[in-house]
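Colleague: quick one, structure for this:
(chains A and B)
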Amino acid sequence: MKHLNEEDLVLHYYGEGAAGAGEHLETCDACRASFESLARVLRAMDRLDAPEPLEGYEGRVWNRLRPELKNSREHWWNHLALWLTPRHLGGAAAMAALLVAAFLAGRVSQQRQQVAGLSGPVRERIMLVAVGEHLERSQMILVELINNASAGPVDITEEQERARDLVDENRLYRQVALKSGDTGVSSVLDELERTLLEVAHSPSKLDSVEFARIRERIEAEGILFKIRVVGSNLRERERSPLGPQVGKAL
Amino acid sequence: MGQSDAEAIAQIRAGNADAFRVLVERHSRSVFRLAFRMTGNQQDAEDLVQETYLRAYRQIRKYDGRAAFGTWLYRIAANCSLDLIRARKRRQEQQTPVDDDGQEVAAAAASDAPTPDRLAFSVELQQLLGPALNLLSPTERTAFVLRHYEGMCIEDIGQALGVQAGAAKHSVFRAVQKLRRVLEPAVSTGRP
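Modeller: Below is the predicted model of the structure:
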């Protein structure tokens, strides 16, 4: 049997692996070492336990739920019709805006408190992985654009949506890198942001000349190469053990 | 011996809303645990339990009995959670500013985790677990939680997520890959 890949190992861990995977692990030192390393990580995740609700939890859920069940069954269409009048829609929107604002205010302050509890190296590792993931997703969009071999008009709606999703994230990481003095990373993210914006703001349907122009620009700037280099550096830093030596940038 | 799920469901369909209590009493703790692992937040988890039961009640006529009621309820809970974490992620991307401590705020995008104070091994590793889970995309997180903590098979996860089994498997795989990247250096030096 050939060596097991990472996907085979994951499936084997969860008892859904191919027949013969177990026997292979017994005889292959390399695969067994890889499996043990995977198993250590997954066993570590077992320790992230959920809190047990307090005594009487079920009763509280029921008490909160019961009045809503009545409304939901007997009158929901009447309520809907009532709330769809223009007079009520304005009020409902204002109420929704207030609720969202209150919710967000609580959420943001809660996050800051939680992050403040993390040590520098831990935050560093989270950032390294997050930026690495971001670069990978950006790279995938650019590679798809460059490899599109269509001779006629091209629809890039899907790539544009993904590029738009990545722009805000990119801006955030670029600013963080800049503040951390990591000018190499921030400069690549700066270039990437311009490329993503260009993709996001182009017309969705491009004729062959327009599309060729975008492709040429991506290739001329060498952004893919730069992303790969930075991504590779970040992965190197990820592999460093947790400690003060890795907490110097980003 | 109490009423079975099937008997309670028959009564609810006949118009007895109070029979729903049996299903709340029996399953709400496990739904809470799932919701907590999906959101990493107790208040969100409690809200998700309510939302899950409300949706289940409204859709009780669609329950066809092929899967156990608990499994069907889990699918609803997973989808409610997915909606919530997707919405949260969108909000974070739009709202999270870089201020004087930009690094801290940026890391917040991946760190809305509870303090896992029951963990018995190294503080560094302990600190990493929740944030590591928060690095996953909503779909990856759902797939991972259903596989790892709830023991659902890949096929059922696909059904819960409304995707093919291959896509569900890929989501679990991507999730594990990301977790390894964050946790492996710590677990290889620690003693989980």
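
Colleague: okay, and the residue nearest the centre of chain B sits in which element?
Modeller: Closest residue to the average C-alpha location of chain B: B:Met38 at 2.8 Å, with C-alpha atoms, centre = their mean. In the assignment (DSSP states H and E), B:Met38 maps to helix B:20-39.

Colleague: list the buried ones in the lengthiest helix in chain B?
Modeller: In chain B, ranked by residue count with DSSP state H as the criterion, the top helix is helix B:69-95. For helix B:69-95, burial by neighbour count (16 or more other C-beta atoms under 10 Å in any protein chain shown) applies to B:69, B:72-82, B:84-85, B:88-89, B:92-93. Glycine gets a C-beta too; all of them are placed from N, C-alpha and C.

Colleague: strands of chain A, start to end?
Modeller: Here chain A has its strands, by DSSP state E, at A:154-155, A:205-206.

Colleague: quick one: list the elements packing against the helix holding B:Met38.
Modeller: helix A:57-74, helix B:5-13, helix B:42-58, helix B:69-95 (3 or more C-beta pairs under 8 Å, 6 or more residues apart in numbering or on different chains; DSSP states H and E).

Colleague: now these in a markdown table, with distance to B:Ala175?
Modeller: A markdown table is the format used below for the helices and strands packed on helix B:20-39 (distance: least, C-beta to C-beta, whole Å):
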| stretch | distance to B:Ala175 |
| --- | --- |
| helix A:57-74 | 29 |
| helix B:5-13 | 31 |
| helix B:42-58 | 19 |
| helix B:69-95 | 13 |
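
Colleague: need the helix or strand of chain A with the lowest average pLDDT.
Modeller: The helix or strand of chain A with the poorest confidence is helix A:76-83; it has a mean of 35 (mean pLDDT, DSSP states H and E).

Colleague: returning to what we had before: B:Gln164 is nearest to which of the helices and strands packed on helix B:20-39?
Modeller: The closest of these to B:Gln164 is helix B:69-95. By C-beta to C-beta, the value is 15.6 Å.

Colleague: mind giving me the packing neighbours of the closest one?
Modeller: Judged by 3+ C-beta pairs under 8 Å, 6+ apart, helix B:69-95 is in contact with helix A:86-116, helix A:157-179, helix B:5-13, helix B:20-39, helix B:42-58, helix B:138-144, helix B:154-161.

Colleague: wait, which of the ones you listed is closest to A:Ala33?
Modeller: Closest approach to A:Ala33 among those is made by helix B:138-144 (23.3 Å; C-beta to C-beta).

Colleague: for that closest one, C-alpha coordinates in PDB please.
Modeller: Provided in PDB are the C-alpha atoms of helix B:138-144 (Å, rounded to 0.1, in the frame of the first residue of the first chain):
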ATOM      1  CA  PRO B 138     -17.900  29.100   9.400                       C
ATOM      2  CA  THR B 139     -18.400  26.000   7.200                       C
ATOM      3  CA  GLU B 140     -15.100  24.500   8.400                       C
ATOM      4  CA  ARG B 141     -15.900  25.100  12.000                       C
ATOM      5  CA  THR B 142     -19.300  23.600  11.700                       C
ATOM      6  CA  ALA B 143     -18.000  20.500   9.900                       C
ATOM      7  CA  PHE B 144     -15.200  20.100  12.400                       C
END
